[in-house]
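Peer 1: give me the fold of what follows.
(2 chains)
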2 protein chains.
Amino acid sequence: MSLQTADILAHLHDLVGQDLTLANEMIISQLESDVEMIPLLGQHIIDGGGKRLRPILTLVTARMFGYQGNSHALMAAVVEFIHTATLLHDDVVDGSLTRRGRSTANSVWGPKAPVLVGDYLFSRSFQILVAEGDLAILKIMADACALISEGEVLQLAVSHDLQMKEETYLEVVARKTATLFSAACEIGAVLGQRPASEVRAMAEYGLHFGTAYQVVDDTLDYAAKAETLGKSIGDDFQEGKVTLPMIHAYANGRPEERAFWEQCIEQKQRPDGSLERAIEIIQNRGSLEYAMQQAKSHARKAGEALARLADSPEKTALVQLAEFSVDREY
Amino acid sequence: MSLQTADILAHLHDLVGQDLTLANEMIISQLESDVEMIPLLGQHIIDGGGKRLRPILTLVTARMFGYQGNSHALMAAVVEFIHTATLLHDDVVDGSLTRRGRSTANSVWGPKAPVLVGDYLFSRSFQILVAEGDLAILKIMADACALISEGEVLQLAVSHDLQMKEETYLEVVARKTATLFSAACEIGAVLGQRPASEVRAMAEYGLHFGTAYQVVDDTLDYAAKAETLGKSIGDDFQEGKVTLPMIHAYANGRPEERAFWEQCIEQKQRPDGSLERAIEIIQNRGSLEYAMQQAKSHARKAGEALARLADSPEKTALVQLAEFSVDREY
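Peer 2: Purely as a prediction, here's the structure:
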């Protein structure tokens, strides 16, 4: 993350002020249980040091629209629960051992607990949503969860296909990542009791911002310094996962480069030095620049989605957040 | 399953008639998706040849209370989705390769798909429930799912503890198995717009019947012929899972028997012949009879829960179902 993005995140933290503290408190209090492992999980989330990007979107949007109650903090906690549940299950599916530079729950508890604890977070989230009783918000979250898991299943089916179309890749990104960004924003607007056009504008902002964010993440996997991104580079490559830089490099590759990609992905042969070669080809084909252009296009659309909304410090911060998210170091 | 239970199940099928066909159709139609793996899953459920015990509870209860609409079939499909999702995740957690004598999804698709496909079933279920818009039913299902996954997490924490208290074992059984039986019945009563006392009676029936059912299942694991139950015996033992027969045999065991259990469970040493010895000890300690008595006590309470409801062919069938479920061959 570049200094600029850190700055804008700090600014967002300032804007939401005590609301984020309240959301963090709810993350703990909503996971009280006589089953010992469950409160530990709340602590794991809090200590995990995630950026709380998605709950912040809910809090900032609610505040932007003048929402006065406390439900936004509870909804922000739910958004983080759903996010954590998908991370826990992703880690099991990918067999990942680290995330954000820390041991994943999977590597700490073995593969059993994260599946069930993720399920608990999903169910607890719906329990909270039902207790709140807002059918519009329930619909947003139920639709989001269905889209996310459909996206995850789709990714499983296509993620090792070198000939994946760019639109299929973007479809996976939209469903599995951008959907929750979108829902987080939409909920804030619904809480603010805004007209449908403004709720849609926020949903659109979230969808484009989330897409930009994930495309940048996938691109940095071939470029970032491990310390900068908080994860090692080449994770996707080592897992044989096909993302935009590789799709572009393969589609525009020379015959011997295409043979290299086929060997790495289809034959799953990645001898020492493969990652270095992959990075070299991706740079030579201009695939990083290409992928970043796509990300920037979505970041711009995110900003445009907010154009018709009244100006406010929150709106400015959201536009900047989308812009700066594609300026991350690479 | 004894002939008697098969008879009563056939009778229940007769009672719900076309409703079960309708529920099966909904299982297929609600899993339409452009993501290829998802409709396959619907077929996997239908072809799986499960007894559809839980959805039948919803259908029979709705019919018993004179419900006239079509929502009961949709709710029955949702109940089966939730059941299937928990089976898929259980199989991943347990690493099981067969269920009901068939390959599990886990062994067919590897461990990745079942986690995500299970998530899809959970999310799709809530999407359907939200579209129906009945907050009372939403609450029943959200509470049930939270209890189930809390029960699964609890089981993970205690399942290898030889000193587990019987009440802890029953708590796990109530949460992870009986909760869905209870919710399935409760939903039928809510659809029938019955007063709270009758809804509670149905919930209580489901809870006791579900408990009896699971205790029998756990007991037959040390007694049933593999062909009868459709699964191999000794699964729990081989996984080191502590259930009621073992709890009883350990608590009432002679010193050398306790040492045997400690070796098998705590030191995870189960050389050839261990299962045979385990079965022998369990028989000698009267632990099968003891566990079956507990199951019968819950089956009786299930019947008693329905005592104040008006007589009907459906009520008679439900009482018989609970009675016969504890008469399964062993």
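Peer 1: neighbours of the residue of the stretch 201-330 of chain A found nearest chain B, how many?
Peer 2: In the stretch 201-330 of chain A, the residue that lies nearest chain B is A:Glu239 (11.2 Å; C-beta to the nearest C-beta). Heads up, the C-betas are built off the backbone N, CA and C, glycines and all. A:Glu239: 13 surrounding residues under other C-beta atoms under 10 Å in any protein chain shown.
Peer 1: distance check, it against A:Tyr205.
Peer 2: As judged by C-beta to C-beta, to the nearest Å, A:Glu239 and A:Tyr205 stand 31 Å apart.
Peer 1: would you mark the buried spots in stretch A:21-28?
Peer 2: A:Leu22, A:Ala23, A:Asn24, A:Met26, A:Ile27 (16 or more other C-beta atoms under 10 Å in any protein chain shown).
Peer 1: most widely separated two among those?
Peer 2: A:Leu22 and A:Ile27 (9.9 Å; C-beta to C-beta).
Peer 1: now the residue most central in space within chain A: closest residue in space, sequence neighbours ignored.
Peer 2: Centroid-nearest residue in chain A, with C-alpha atoms, centre = their mean: A:Thr177, separated by 4.6 Å. Among residues not flanking A:Thr177 along the chain, A:Gln214 sits closest, at 4.0 Å (C-beta to C-beta, 6 or more residues apart in numbering or on different chains).
Peer 1: was I right about that neighbour contacting A:Val173?
Peer 2: Yes. Contact criterion C-beta atoms under 8 Å: A:Gln214 and A:Val173 qualify, at 4.6 Å.
Peer 1: got the residues of the stretch 101-250 of chain A near chain B?
Peer 2: Within the stretch 101-250 of chain A, the positions lying close to chain B (C-beta under 8 Å from any C-beta of the partner chain) are A:111-113, A:115-120, A:122-124, A:126-127, A:129-131, A:133, A:135, A:138-139, A:141-143, A:145-146, A:148-150, A:152-154, A:156-157.
Peer 1: show me where pLDDT drops low in chain A?
Peer 2: Within chain A, the ranges that satisfy pLDDT under 70 run A:1-3, A:95-111, A:224-231, A:328-330.
Peer 1: repeat that with 80
Peer 2: Applying pLDDT under 80 to chain A picks out residues A:1-6, A:41-50, A:91-112, A:224-232, A:328-330.
Peer 1: so for the helix or strand A:Ala136 falls within, what gets flagged as buried?
Peer 2: Using DSSP states H and E, A:Ala136 sits within helix A:135-158. Residues of helix A:135-158 classed as buried: A:135, A:137-156, A:158 (neighbour count, 16+ other C-beta under 10 Å).
Peer 1: can you count the residues close to the nearest residue to the residue of the stretch 201-330 of chain A closest to chain B once chain neighbours are set aside?
Peer 2: Nearest residue to A:Glu239 in three dimensions, chain neighbours excluded: A:Asp94, at 6.2 Å (C-beta to C-beta, 6+ apart). Counted with other C-beta under 10 Å, the neighbours of A:Asp94 add up to 16.
Peer 1: next one: A:Ala307
Peer 2: 9.
Peer 1: ok, it to A:Glu198 distance?
Peer 2: From A:Ala307 across to A:Glu198, the span is 12 Å (C-beta to C-beta).
Peer 1: strands along chain A, start to end?
Peer 2: A:98-99, A:102-103 (DSSP state E).
Peer 1: what about the helices in the stretch 201-330 of chain A?
Peer 2: A:226-229, A:235-238, A:244-251, A:255-261, A:274-284, A:287-305, A:313-325 (DSSP state H, counting those that start in this stretch).
Peer 1: can you say which of those is packed in most?
Peer 2: Most buried of the helices of the stretch 201-330 of chain A by mean neighbour count (mean count of other C-beta atoms under 10 Å in any protein chain shown) is helix A:244-251; its value is a mean of 24.
Peer 1: return the distance of that one from the chain's centre.
Peer 2: Distance of helix A:244-251 from the chain centroid (C-alpha atoms, centre = their mean, to the nearest Å) equals 21 Å.
Peer 1: same thing with stretch A:309-325?
Peer 2: 18 Å.
Peer 1: and the gap between the closest residue to A:Ala183 other than its chain neighbours and A:Leu135?
Peer 2: Once flanking residues are discounted, A:Ala183 sits nearest to A:Ala144: 3.8 Å by C-beta to C-beta, 6+ apart. Using C-beta to C-beta, A:Ala144 is found at 15 Å from A:Leu135.
Peer 1: re the thing from before, same for the helix holding A:Ala136, what does it pack against?
Peer 2: Where contact means 3 or more C-beta pairs under 8 Å, 6 or more residues apart in numbering or on different chains; DSSP states H and E, helix A:135-158 is packed against helix A:71-94, helix A:112-132, helix A:166-173, helix A:179-191, helix B:37-47, helix B:112-132.
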